[in-house]
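Asks: sequence-free structure coming up:
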């Protein structure tokens, strides 16, 4: 009886369920709810532009905005627009703009003013529309205050247009250019591979002491123990020398000429596995892993009436005419220059080398390339004529494009850039200016980027030991080592940190301040050749047109 009752109940349930089904045998569709309307933006708010276009640290900036009272809501409003710059842990608030009697459908434009934080390297600009909703009584202040509610936000990436070094170029653009055109290094072999490796500047300073004369036996003005802790201490040297009453300062912003301070890399340092670590440089393992050891960048705007006529002897000024181009500079530091000559003649500690380009931002292409070797500049202007002959070939490193200019011939290796003059006492090496002229607009090579497929990386053939930068393995300089590019240590450099400008260093590397501002010499020992000053005391470092220092620098220091 119980089993039959259970069967009847199941059948009754199925009959009821079937009766609720529609004619197609499907469950009935629920009555649809009205769609939820999309959220309406009550006050669309936009950042229109900034003034200046590229914000400058520690200066006031205007942020222009527009706000519209959405007519779909048909509401009279009253509100405030205010903004902030957020950069790292720093937040700076702007002034505020009130919008009274904000009619439905009307549009309001205006600007906020805000102070750009110092040393900003990223962050956002944010602006807000606050609706004034009424008043509330503040018992502490014993007065009525407006109550408000944030209803709209507009935001822009601050780092996208930051100009922390104040040279007029977006810092992000500078970094993109330094990445895109970074050189390809071909080290050379001369009876052995390269012994003196690329050298990180900060690391080099921690292996050194600071002297006040070119004498390795002189007592240190700043001992290695001081520089191990803080290499920036080299900028605080301030001594009275030679009986003069004026003070010699080691900071270029205070003394705009080379001074008699010498960084002296120590020969024996506790805990180091090899002697003279500063001279030897960082290990090849580190160099090949990082690919930008001791490698630094600088980008500066230049105005030119002819993009192929950049002149290293010209000091930029605000009265220059022409279109704006960008000069891209790559600087490489080595701890020692070995000329491979008998009796170590010409050897010296410290070695700064460079390859540079002129870039056209309007057409996004390179106009000129400069290599520097033995105090000479090898120029290649990529004019339509010099661009006409191109050859692509492959070597063990990858694909290479060679531009063959108006001065090219198929016996390029025949150029002798200098000779031994036996008519002087003692005999001396003289430059062969006729041959040097033939080296201009002769050839230049670019390495193909394996990711982008573009030939954007100028190739640098690095002289063995003395590290001079050549555009190819061709040409000879009397008595100098090979620059044949046949070392096993070849690599596409990684993006270098951007140094910024002397008055406004960037902080992409902790060595930026001492590279830009140290006005002494990067070494002490030199056999008939002095150690070099830093990049900013060479004429192939270009100062921006509004620099207060560029007119005071000694430009006779050469390349």
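Replies: Thanks, I have it. In this text the structure is predicted, and so the values were computed from the model without any measurement.

Asks: From here on, just use CA atoms for contacts and neighbour counts.
Replies: Fine.

Asks: Test my guess that residue 499 contacts residue 517.
Replies: No - with contact defined as C-alpha atoms under 8 Å, residue 499 does not reach residue 517; the gap is 11.0 Å.

Asks: between those two, who's got more neighbours?
Replies: For residue 499 and residue 517, the more surrounded residue by other C-alpha atoms under 10 Å is residue 517, and the numbers stand at 26 against 23.

Asks: From residue 406, how far off is that one?
Replies: Separation of residue 517 from residue 406 (C-alpha to C-alpha, to the nearest Å): 40 Å.

Asks: Am I right that residue 69 is in contact with residue 44?
Replies: Yes - counting by C-alpha under 8 Å, residue 44 is a contact partner of residue 69 at 7.3 Å.

Asks: These two - which one has more neighbours?
Replies: More crowded of residue 69 and residue 44, by other C-alpha under 10 Å: residue 69, with 22 against 17.

Asks: What segments of this protein are helices?
Replies: Secondary structure of the chain (DSSP state H): helices located at 2-20, 171-180, 201-206, 224-229, 277-280, 284-290, 433-439, 512-517.

Asks: out of the ones you listed, which comes closest to residue 85?
Replies: For residue 85, the closest of the helices of the chain is helix 171-180, at 17.2 Å, according to C-alpha to C-alpha.

Asks: Check what contacts that closest one and list those residues.
Replies: With contact meaning C-alpha atoms under 8 Å, 6 or more residues apart in numbering, helix 171-180 is reached by 159-165, 297, 299, 328, 456-457, 494-496, 498.

Asks: run the last query once more with 7 Å
Replies: Outside of helix 171-180, the residues within contact range by C-alpha atoms under 7 Å, 6 or more residues apart in numbering are 160-163, 297, 299, 456, 495-496, 498.

Asks: State the mean pLDDT of stretch 474-482.
Replies: The predicted model assigns stretch 474-482 a mean pLDDT of 94.

Asks: and it, which residues are buried?
Replies: Neighbour counts over stretch 474-482 (16 or more other C-alpha atoms under 10 Å) mark 474-477, 480-482 as buried.

Asks: where does the stretch 451-559 of the chain dip in pLDDT?
Replies: Low-confidence segments of the stretch 451-559 of the chain (pLDDT under 70): 555.

Asks: switch to 50 and redo it
Replies: Counting by pLDDT under 50, the stretch 451-559 of the chain shows no low-confidence range.

Asks: Where do the strands of it begin and end?
Replies: Listed in chain order, the strands of the stretch 451-559 of the chain (DSSP state E, counting those that start in this stretch) span 455-462, 469-470, 490-492.

Asks: again, but for the stretch 251-400 of the chain
Replies: With DSSP E, counting those that start in this stretch as the criterion, the stretch 251-400 of the chain has strands at 262-265, 295-304, 323-337, 348-360, 365-373, 376-381, 389-395, 398-404.

Asks: Pick the most buried one from these.
Replies: strand 262-265 (a mean of 28; mean count of other C-alpha atoms under 10 Å).

Asks: got a list of what residue 136 touches?
Replies: Here residue 136 is in contact with 144-147 (C-alpha under 7 Å, 6+ apart).

Asks: With distance to residue 351 and pLDDT as new columns, can those residues be given to me in JSON lines?
Replies: Listed next are these as JSON lines, based on distance: C-alpha to C-alpha, whole Å; pLDDT from 0 to 100:
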{"residue": "144", "distance to residue 351": "70", "pLDDT": "83"}
{"residue": "145", "distance to residue 351": "67", "pLDDT": "86"}
{"residue": "146", "distance to residue 351": "66", "pLDDT": "88"}
{"residue": "147", "distance to residue 351": "65", "pLDDT": "91"}
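
Asks: that older thread, closest to residue 389 out of the buried residues of stretch 474-482?
Replies: For the buried residues of stretch 474-482, the nearest to residue 389 is residue 474 (18.1 Å; C-alpha to C-alpha).

Asks: residue ranges with poor pLDDT in the stretch 1-150 of the chain?
Replies: Applying pLDDT under 50 to the stretch 1-150 of the chain picks out residues 1-38.

Asks: just the stretch 201-350 of the chain next, same as before
Replies: Where the stretch 201-350 of the chain drops to pLDDT under 50, the residues are 242-245.

Asks: quick one: which of the contacts of helix 171-180 has the most company?
Replies: residue 299 (30 neighbours).

Asks: Okay, the residue nearest the centre of the chain and residue 539: tell me how far apart.
Replies: The centroid of the chain falls nearest to residue 498 when counting by C-alpha atoms, centre = their mean (2.7 Å). Taking C-alpha to C-alpha as the measure, residue 498 falls 19 Å from residue 539.

Asks: And residue 219, by the same measure?
Replies: Distance from residue 219 to residue 539, by C-alpha to C-alpha: 32 Å.

Asks: what do you get for residue 179?
Replies: Distance, residue 179 to residue 539, by C-alpha to C-alpha: 24 Å.

Asks: Figure out the length between the terminal residues of stretch 252-264.
Replies: 19 Å.

Asks: buried stuff in that stretch?
Replies: Those would be 252-253, 255-264, for stretch 252-264 by 16+ other C-alpha under 10 Å.

Asks: contacting residues for the nearest residue to residue 111 once chain neighbours are set aside?
Replies: The shortest distance from residue 111 to any non-neighbouring residue, by C-alpha to C-alpha, 6 or more residues apart in numbering, is to residue 64 (4.1 Å). Residues in contact with residue 64 (C-alpha under 7 Å, 6+ apart) are 47-50, 110-112.

Asks: Is residue 64 bridged to anything, and to what?
Replies: Note on residue 64: beta-bridge partners residue 49, residue 111, judged by DSSP bridges.

Asks: cool, residue 296 as well?
Replies: Beta-bridge partners of residue 296, counted by DSSP bridges, are residue 331.

Asks: Number the chain from 51, please
Replies: Renumbered: residue one is now 51, and that last one reads residue 346.

Asks: residues contacting the residue nearest to the centre of the chain?
Replies: Listed by C-alpha under 7 Å, 6+ apart, the contact partners of residue 548 are 225, 346-348, 556, 558.

Asks: mind checking the backbone torsions on residue 578?
Replies: Backbone torsions for residue 578, taken as degrees, to the nearest 10, come to phi 70, psi 0.

Asks: Neighbours of it, how many?
Replies: Neighbours around residue 578, by other C-alpha under 10 Å: 11.

Asks: nearest spatial neighbour of it, skipping sequence neighbours?
Replies: Excluding its sequence neighbours, the residue lying closest to residue 578 (C-alpha to C-alpha, 6+ apart) is residue 396, at 5.6 Å.

Asks: Right, I'll leave it there.
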